[in-house]
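Visitor: please find the sequence and the predicted model below.
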Amino acid sequence: MTSVIEVSAERLGDILCAEWSLTCDDGLYYEHAFDYDGRMSAVRVAAAHDRLIVAVEELREAAVGAGDAEQISLLVACEAARRRLDHLSVGVLAAAERRDVFTSRGYKTSTSALADLLGWERHEARRHATAADNVVGKTALDGTVLPPRLPATTEVFDAGRTSLRHVEVVAKVLGTRAADRLTPAVWAAAEAELAAKSSGYTPAELQAWGTELIDKLDQDGPEPDDDRPEPEINELRLVRHRNRPGGKLLGRFDDAAMFDTIATVIDAKSKPTSADETREPAQRQAEALAEVCGYALAHGPTALVPETGGRRPQISVIVRLEDLEARARSGMLDFGGQTSPETLRMLACDAAVIPIVMGGKGQPLDVGRATRTIPDGLRRAVTARDRGCAHPGCDRPPSWAEIHHILPWEDGGEHRIENLVMLCRRHHRLIHHPGWTVRIRDGLPEFLPPAWIDPSRTPRRQPGPVIDVPEQRRDVQPAPARDNATGVRIANLDDLFGAPAT
């Protein structure tokens, strides 16, 4: 029988604290984690990491054969450890931002750098950046150490009594216009109340309670002489479905005139065509919007529909050679994804055909006639291959992207598809900064990250298309399980720390 090893959250916290103090109000202490040349001490980090892995493995052993009470205790310990790690990462991030670690490497914000370095989603990176701005002290130009913006929240975050998400909520609630109108004393009291509630409320509950609190404290609203209007929100988000064709539009229009303009057009085009109309109003409105946009693309002047990506915007359908040989049963749209045979036939009724023959691995093999400086046909070929910004993790569509010469034109780079890659403005600027490099391998672009992100500089690519996998024969034995059952590798941690100590 496997014995249960008791490991408390406090012990795991002690291991995490072994190399750095976890008090965020000491705004300078995290600087000690760096050597004078700006690099973290690899020996100290690796040693602390090994001890952390040992503690985690002890917790894993403690879970074997644990009863109900022990499993609950383990879940609590895991949450306490996660909060400690979040606390540590926030402090290190604040120190890195003070030293311009990311801006000196071509990144405008730490959010983008963390996404590339750690594989985080943008919202997770922003959450850490928000915490670094609010619960870590700063240093003034004269060297004076300034307290954190949220001192009471900092205290509970230091003690592990609240989570990173709670910190984000407190910062959001106290960053509203209504909160800005409070006197400093009332604002500080509200922050203390929010910090006290954060350990007992979920983030959603804390946000609802905090919003109500601020509204009550700001009963008088704006001053009579404060004629600044509340900011209007007018936004429309285009969200492509990840695993199927199409997408959705999410909109909000506080400007009544703007909303009325859109509603009037859609209402006029979505009226029932007859007494026997079977389409629901929502379907008629969706089709009306698409019809109006289609007419604008086909007939609108340049002032109405400006060029995007160096050419007049138009619907492009890419058909693979095997699909063409099978009488074109499907195609691929820039935004909407794969089309149905019916949609493809409808689009082909009134279409200008520019042939782009695609190879088996997605490389354009042949392109129609070219006319522009970067010929339009060649631009279409790059679009067909890259489907938007080719930088790994970026989802900018072709209309937001530019064509980049891998070997610069002034250095003899040619207008050939093997020397071109599609990049959005942000990644185009980044690729011209020392660090990231791009090359074409097997007909497709791949990116080599800088060594500070991945010491091995392992090439990265956008996820490729899903291919048909032959069904496994029943008489084939499954592959043996690997030691690392999860197969997950985050950034460069494996190479940096090596195998855990035993």
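Guide: Looks like it arrived, so ask away.

Visitor: from the structure, what's the count of residues near Leu407?
Guide: Using other CB atoms under 10 Å, Leu407 has 14 neighbouring residues. (C-beta placed from N, C-alpha, C; glycine too.)

Visitor: nearest residue to it in space, please, no chain neighbours.
Guide: Gly413 (3.5 Å; CB to CB, 6 or more residues apart in numbering).

Visitor: name the residues that touch stretch 267-284?
Guide: For stretch 267-284, the external contacting residues (CB atoms under 8 Å, 6 or more residues apart in numbering) are 285, 287-289, 291-292.

Visitor: mind running it again at 7 Å?
Guide: Contacts to stretch 267-284, defined as CB atoms under 7 Å, 6 or more residues apart in numbering, come from residues 285, 288, 291-292.

Visitor: filter these to the buried ones?
Guide: 285, 288, 292 (16 or more other CB atoms under 10 Å).

Visitor: quick one, domains of the chain?
Guide: If you go by automatic domain parsing, the domain ranges for the chain are 9-217, 248-299, 317-448.

Visitor: for the chain, what helix or strand is lowest in average pLDDT?
Guide: The helix or strand of the chain with the lowest confidence, counting by mean pLDDT, DSSP states H and E, is helix 493-497 at a mean of 40.

Visitor: and the next element down the chain from the longest helix seen in the chain?
Guide: The longest helix of the chain (DSSP state H) is helix 68-98. Next in sequence after helix 68-98, counting helices and strands by DSSP states H and E, comes helix 110-118.

Visitor: could I get the CA-only coordinates of that next one as CSV?
Guide: In CSV, the C-alpha atoms belonging to helix 110-118 read as follows (Å, rounded to 0.1, in the frame of the first residue of the first chain):
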residue,chain,number,x,y,z
SER,A,110,4.2,43.1,-21.9
THR,A,111,0.9,41.5,-22.9
SER,A,112,2.2,40.6,-26.3
ALA,A,113,5.5,39.4,-25.0
LEU,A,114,3.9,37.2,-22.4
ALA,A,115,1.7,35.6,-25.0
ASP,A,116,4.7,34.7,-27.1
LEU,A,117,6.9,33.7,-24.2
LEU,A,118,4.4,31.6,-22.2
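
Visitor: tell me what angle that helix forms with helix 68-98.
Guide: On the basis of axes from the mean of the first three to the mean of the last three CA atoms, to 10 degrees, helix 110-118 is oriented at 120 degrees to helix 68-98.

Visitor: how long is stretch 398-408 end to end?
Guide: Start and end residues of stretch 398-408 are separated by 21 Å (CA to CA, to the nearest Å).

Visitor: one more: stretch 380-398?
Guide: Separation of the first and last residues of stretch 380-398 by CA to CA is 10 Å.

Visitor: for stretch 435-445, same thing?
Guide: Stretch 435-445: ends 16 Å apart by CA to CA.

Visitor: hmm, Ala296 and Leu304 touching each other?
Guide: Yes - the pair Leu304 / Ala296 is scored as a contact, 6.3 Å apart, by CB atoms under 7 Å.

Visitor: counting neighbours, go ahead and name the busier of those two.
Guide: Using other CB under 10 Å as the criterion, Leu304 and Ala296 rank with Ala296 on top: 13 against 9.

Visitor: that older thread, tell me which of the contacts of stretch 267-284 is nearest to Lys108?
Guide: Using CB to CB, Val292 comes nearest to Lys108 of the contacts of stretch 267-284, at 36.4 Å.

Visitor: could you give me the buried positions within the strand or helix carrying that closest one?
Guide: Per DSSP H and E: Val292 is located in helix 281-299. Within helix 281-299, the residues that count as buried by 16+ other CB under 10 Å are 284-286, 288-289, 292.

Visitor: please work out the average pLDDT along it.
Guide: In this model, helix 281-299 has a mean pLDDT of 81.

Visitor: how many neighbouring residues does Phe253 have?
Guide: Using other CB under 10 Å, Phe253 has 17 other residues around it.

Visitor: likewise Pro151?
Guide: Count around Pro151 with other CB under 10 Å applied: 16.

Visitor: distance check, it against Gly175.
Guide: Distance, Pro151 to Gly175, using CB to CB, to the nearest Å: 16 Å.

Visitor: for Leu444, same thing?
Guide: When Leu444 is compared with Gly175 (using CB to CB), they lie 43 Å apart.

Visitor: who's more crowded, these two?
Guide: Set Leu444 next to Gly175 and count neighbours by other CB under 10 Å: Leu444 wins out with 16 against 12.

Visitor: need the pLDDT of the closest residue to Glu193 other than its chain neighbours.
Guide: Leaving aside its chain neighbours, Glu193 sits nearest to Leu213 (6.6 Å; criterion: CB to CB, 6+ apart). pLDDT, Leu213: 92.

Visitor: just Ser456 next, same as before
Guide: Note on Ser456: pLDDT of 89.

Visitor: burial count for the residue nearest to Gly388 when sequence neighbours are not counted?
Guide: Nearest non-adjacent residue to Gly388, counting by CB to CB, 6+ apart: Pro397, 4.7 Å away. Per other CB under 10 Å, the neighbour tally for Pro397 reads 18.

Visitor: kindly report the same for Val239.
Guide: By the measure other CB under 10 Å, the count of residues near Val239 is 10.

Visitor: that one against Gly247, yeah?
Guide: Yes - in this structure Val239 lies within contact range of Gly247 using CB under 7 Å: 5.4 Å.

Visitor: hang on, the earlier thing: quick one: mean pLDDT for the longest helix of the chain?
Guide: Averaging pLDDT along helix 68-98 gives 91.

Visitor: quick one: the strands in the protein?
Guide: 138-139, 145-146, 234-240, 247-253, 317-318, 332-333, 337-338, 356-358, 364-367, 401-405, 420-424, 437-441, 444-448 (DSSP state E).

Visitor: weakest of these by average pLDDT?
Guide: strand 364-367 (a mean of 54).

Visitor: I'd like the distance between the residue nearest to Glu193 and Val173.
Guide: The value you get for Leu213 to Val173, if CB to CB is used, is 8 Å.

Visitor: same question for Ala48.
Guide: Distance, Ala48 to Val173, by CB to CB: 35 Å.

Visitor: what's the answer for Glu235, then?
Guide: Distance from Glu235 to Val173, by CB to CB: 21 Å.

Visitor: before we move on, what about Thr139?
Guide: 27 Å.

Visitor: ditto for Pro398
Guide: From Pro398 to Val173 the distance is 39 Å (CB to CB).

Visitor: before we move on, the earlier item: Leu213 and Val173: who's more crowded?
Guide: A count of neighbours by other CB under 10 Å puts Val173 above the other of Leu213 and Val173, at 22 against 17.

Visitor: residues contacting the more buried one?
Guide: Contacts of Val173 by CB under 7 Å, 6+ apart are 179, 194, 207, 210-211, 214.

Visitor: so which of those are in helices?
Guide: Within the contacts of Val173, residues falling in helices by DSSP H are 179, 194, 207, 210-211, 214.

Visitor: Gly137 against Arg149, yeah?
Guide: No - in this structure, Gly137 is not within contact of Arg149 by CB under 7 Å, at 9.3 Å.

Visitor: save the contacts of Val173 as TSV, and put in neighbour count and distance to Trp120 too.
Guide: As requested, these are exported to TSV (neighbours: other CB atoms under 10 Å; distance: CB to CB, whole Å):
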residue	neighbour count	distance to Trp120
Ala179	21	28
Leu194	27	26
Gln207	19	22
Gly210	24	26
Thr211	16	27
Ile214	22	30
